[in-house]
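> need a 3D model of the sequence below.
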Amino acid sequence: MFDYIKLNQGLPFFEPKKRHAILVNNYGYSGYSRHELHTRGNLRIYDMESILSGKVTFGDGSENYGFWPMVLSDCFGKIMRSYKEHRRDLKYEPVIKIFPDENVPVRLSDSAKKLSTIASKDSLTFVYLMSHGNDGSISLGNLDVKYKDILDLFDDVLGKKTILITACHSGSLIRELCTREKREDYVLITSSRSNEKATNCGDDDVDRLIWDVIHDRKKLSDIDFTSGLMSGLFKDQTPQIFGYFDVQL
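The predicted model follows:
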């Protein structure tokens, strides 16, 4: 099996005038609150929101979870100060967050439609999906959604798209993209090959690597999974990156 562990060299560099993001945690189960930080994936959502937008919003009901919002606001203070110093010119607006206590498939569809009304050919849309997956599909809520349908959603959003997926068999999204008419609008990052399962630790390592790329204002072409694979960082999975343009997230 061919591995995509680094983008091809010499890809056209895209300089977006607008940036939008959708962050989806579907690791948990229906009914888990967005404020329960032990729920797998919730902390990643807030962590990513802070570096993309320079703020963290916990939403209504966070006061019922005691000290967590206060603790997190303090922890994220350093990130938000770093954002103001280093990333103010790369702000994402809006940053839409979707949690396990929502109707995830409907919210994702509605969010893509919302972005389709504001995105332009100069827009970059960053989509981060955390979930469980099979070869050719990803779990959204209680549904098994084909990657074809995910790409159908975002084909209607103008501009370039970067999709990050941490899920078992997520590399099968690359296979689907290669068949698409609008494939040149995408860069895909997946936490595993199409024939591999993903682990909690391995997905966390991929998440942290991408977060660092964003924080440090690096380009997607700076990502090289080789060293992590050689050192055993990603355990029993092989992250992939594949696409048709370069960009600074």
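
> low-confidence regions, this structure specifically.
1-2, 28-33, 35-38, 59-84, 230-231 (pLDDT under 70).

> the residue nearest in space to the middle of the chain sits in which helix or strand?
The residue lying closest to the centre of the chain (C-alpha atoms, centre = their mean) is residue 128, at 1.9 Å. Per DSSP states H and E: residue 128 is located in strand 123-130.

> okay, now the sheet partners of that strand, with direction.
Note on strand 123-130: by DSSP bridges, its sheet partners are strand 18-25 (parallel), strand 160-166 (parallel).

> can you list contacts of the shortest one?
Contact partners of strand 160-166, identified using C-beta atoms under 8 Å, 6 or more residues apart in numbering, comprise 14, 16, 123-131, 133, 138, 150, 154, 173, 185-191, 198, 203, 206-207, 210, 220, 243, 245, 247, 249. Every residue, glycine included, has its C-beta placed from N, CA and C.

> so how far is that strand off the chain centroid?
Chain-centre distance of strand 160-166: 6 Å, with C-alpha atoms, centre = their mean, to the nearest Å.

> show me what the helix or strand immediately after it in the chain is packed up against.
With elements assigned by DSSP H and E, the helix or strand that comes after strand 160-166 is helix 172-177. Counting contacts by 3 or more C-beta pairs under 8 Å, 6 or more residues apart in numbering; DSSP states H and E, helix 172-177 packs against helix 147-155, strand 186-190, strand 240-243.
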